[in-house]
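J.: Can you look at this prediction? I've put the sequence above it.
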Amino acid sequence: MKIKIIENALSNALSKIGLEEIPQIAFEKPNNPDHGDISTNIALQLASILKNSPTKIAESILQNLEYDESLIEKVEIAGPGFINFKFNTNYFTSQLEYIRSKNEIYGQQDIGNGIRVNVEYVSANPTGLLHLGHGRNAAIGDTIANIYEWLGYDVTREYYFNNAGNQMNNLVNSIYVRYLNLFNDTQQQIPEDGYHGEYVVEIANDLYNEYGEELKDGNYQDRIAIKKFGESWCFDKIKKTLTKMNIEQDVFYNEDSLYKEGKISDVINDLKEANLVYEKDGATWLKLSEMGLEDDRVIVKSSGEPTYRLPDIAYHKEKFKRGFDKIIDVFGADHIATIPDVMAAVKHLGYNTENIKVVIHQFVTLTKDGQQVKMSKRTGKSYTLDDLLDEVGSEVVRFFLIMRGNTTHLEFDLTLATENSDKNPVFYLKYAHARICSILENIENSDLVLSEVPDFSLLQSEEEINLIKSIIEFPDYIKLAANKYEPQIIVEYLREFASRFSTFYHSCRIKGEEEQILRSRLHLANIAKVVLKNGLSILGIKAPNKM
RNA sequence: GCGCCGGUAGCUCAGCUGGAUAGAGCAACAGCCUUCUAAGCUGUGGGUCAAAGGUUCGAGUCCUUUUCGGCGUGCCA
């Protein structure tokens, strides 16, 4: 919305009143339509400074306010001293002509200006199958990547993984036990900290089919073979699941490459040079207490192996060195503790951590028929992301996983998701789009009608204007979602949008109306179709022509 | 113990930098299909915004304390 014009007008009025310093003027969109389209509380803010009542101040601002009457219909003082602006309906309809010219690309913006953004998400190690938590991570990350692309950023979608270290050893141990159990009488148990999932049995079966009893000794070479087999088995499944979810990442970054290319030792040297580490009990410690945090932490164990913090630091340094201007990490809430450590170190190495945004999301719980489905690691029974995708499809999965705020625990209602009915919110949006397609089909020569320039000023009813207002706001919501890293903002916007379209649809007929009206309404519906299609596409959902 | 996130209608959740009468979906109830898709629309009922104090013209939103739930708190990732 054009608040710049109002802002300037207000600034001028304020200086006429005699204000030497013009303060920041805040605007908001009133939720009560009687309060106009845009509102400012500037008079309330100035009350204590000017030692006058807000209403008096508002009055004198109004007396000195000059504005374009073709744009603004009404300016009012209301309540305790708000100044409310109501736009002329012609303002809204005139915006439509510009939007119509954008057509298919409406919503795209070039504010990113090619700035390079790295969005890291999923990043599950190849030690198992993806679960619902990964799914939420994937949906949030992929949608944020889409949003930034729509804003003209140069986006790289990245997956970071570690195929070495403790976790892989645990996987190897677990597979090995299951493998021996296939042909050995002695029923060995999986170690306490091993992987108990049923998929490990599957891996062992496949392993046996490939190698027979060749690996039964479990010597060094055997373990390497088991590790390679297990890793590619898991990665294969993970990638298939992501493909099913319509996610395609550009870079799979292996933590191991940080070691091979000397990036880890480089960072240790950097840290030593910056005097940020010390030796104690045979380990290397990071001086976090000198960086404003509570406790120092080990980054290299006495065994000589680094802890996870060190590669994390090196990895973030690498992202900067690879030329990214902005770094977005999407993590589950269980990673929350390590983030401040890593950020502090990266910052003290001289990188601007303000360009790193860590998006934390809370966990997912699964409910079915009102009962919570336990996803226990101990029993090994779990409902995987893949199961879910098979059951309800990628679009419902993606939608459900982003329809709550990142910081809220998300309850995935399987019963609701499976239901192909009006209760399922994703259908509502698709349905609105399909309806518009149906209108276009039902109008004779609709292409021809759309090729002619419409008179949008004929659209004056409340339903039409409300729809137009929502159309105009589309780019603002994309920006808001980007600034907040909240895909949910797009979801909420689209629901409201579809609702306004449906209201319009029911009260304003198109087919059979007089030619001029028909043309302008058809154009309006067609623009609404673009908004729905583009909005859904940001969420990774296709807009169907028929339902 | 300490740290992070959350507690808003019967249920699931919105509520942007503090603003005017706290919203949506589902569930409940009452209407609307000879007319472009009724997977829809219109209306009704439903609230001590976990509790208490504080900041101010004004608090669901900010501060303090308490409480409940989740996660974390490792020379695991």
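T.: Everything's here; your move. Residues are numbered from 1 along each chain as shown, chains lettered A, B, ... in the order given.
J.: and the closest residue to A:Ile111 other than its chain neighbours, what pLDDT?
T.: Of all residues not flanking A:Ile111 in the chain, A:Leu151 sits nearest, at 5.4 Å (C-beta to C-beta, 6 or more residues apart in numbering). Every C-beta, even on glycine, is put in place using the N, C-alpha and C of the backbone. For A:Leu151, the pLDDT comes out at 97.
J.: And for A:Leu151, the neighbour number?
T.: 23 (other C-beta atoms under 10 Å).
J.: Next, give phi and psi for it.
T.: Here is the backbone geometry of A:Leu151 (degrees, to the nearest 10): phi -90, psi 10.
J.: Quick one: residues contacting it.
T.: Contacts for A:Leu151 (C-beta atoms under 8 Å, 6 or more residues apart in numbering) come out as A:108-112, A:478-479, A:482.
J.: could I get those as CSV with pLDDT, secondary structure and neighbour count?
T.: Below are the contacts of A:Leu151 laid out as CSV (pLDDT from 0 to 100; DSSP: H, G, I helix; E, B strand; the rest coil; neighbours: other C-beta atoms under 10 Å):
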residue, pLDDT, secondary structure, neighbour count
A:Gln108, 95, strand, 14
A:Gln109, 95, coil, 15
A:Asp110, 94, coil, 9
A:Ile111, 93, coil, 12
A:Gly112, 93, coil, 19
A:Ile478, 96, helix, 25
A:Lys479, 95, helix, 15
A:Ala482, 96, helix, 22
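J.: And the average pLDDT for stretch A:346-357 is what?
T.: Rounded mean pLDDT across stretch A:346-357 is 94.
J.: oh sorry, the question was meant for stretch A:452-466
T.: 95.
J.: anything in it sitting right up against RNA strand B?
T.: No: remark: stretch A:452-466 sits outside contact range of RNA strand B, by C-beta under 7 Å from any atom of the strand, the gap being at least 8.3 Å.
J.: and if you look at stretch A:298-317?
T.: Yes: applying C-beta under 7 Å from any atom of the strand, one finds stretch A:298-317 touching RNA strand B at A:298, A:301-303, A:305-308.
J.: Spatially, which two of those residues are the most separated?
T.: A:Ser302 and A:Tyr308 (16.1 Å; C-beta to C-beta).
J.: and the two? which has more neighbours close in?
T.: Neighbour count, other C-beta under 10 Å: between A:Ser302 and A:Tyr308, A:Tyr308 has more, with 16 against 12.
J.: neighbours around the nearest residue to the more buried one once chain neighbours are set aside, how many?
T.: In space, and not counting its chain neighbours, A:Tyr308 is closest to A:Thr338: 7.0 Å by C-beta to C-beta, 6+ apart. For A:Thr338, the tally of surrounding residues (other C-beta under 10 Å) stands at 15.
J.: For A:Arg297, see how far away A:Thr338 is.
T.: 9 Å (C-beta to C-beta, to the nearest Å).
J.: Close to RNA strand B: what parts of the stretch 251-400 of chain A are there?
T.: So far as C-beta under 7 Å from any atom of the strand goes, the stretch 251-400 of chain A lies against RNA strand B at A:255, A:280-283, A:297-298, A:301-303, A:305-308, A:333-338, A:360, A:362-363.
J.: Among those, which are located in helices?
T.: A:Glu255 (DSSP state H).
J.: which of the residues of the stretch 251-400 of chain A next to RNA strand B are buried?
T.: When those are checked for burial by 16 or more other C-beta atoms under 10 Å, the buried set is A:255, A:283, A:297-298, A:306-308, A:335, A:360, A:362.
J.: for the nearest residue to A:Leu536 once chain neighbours are set aside, what are its contacts?
T.: In space, and not counting its chain neighbours, A:Leu536 is closest to A:Ala543: 4.9 Å by C-beta to C-beta, 6+ apart. For A:Ala543, the contact set (C-beta under 8 Å, 6+ apart) comprises A:429-430, A:433-434, A:529, A:532-533, A:536-537.
J.: from these, which is closest to RNA strand B?
T.: A:Ala434 (3.1 Å; C-beta to the nearest atom of the strand).
J.: Looking at the stretch 51-200 of chain A, which residue is nearest RNA strand B?
T.: Counting by C-beta to the nearest atom of the strand, the stretch 51-200 of chain A gets nearest RNA strand B through A:Gly79, at 2.9 Å.
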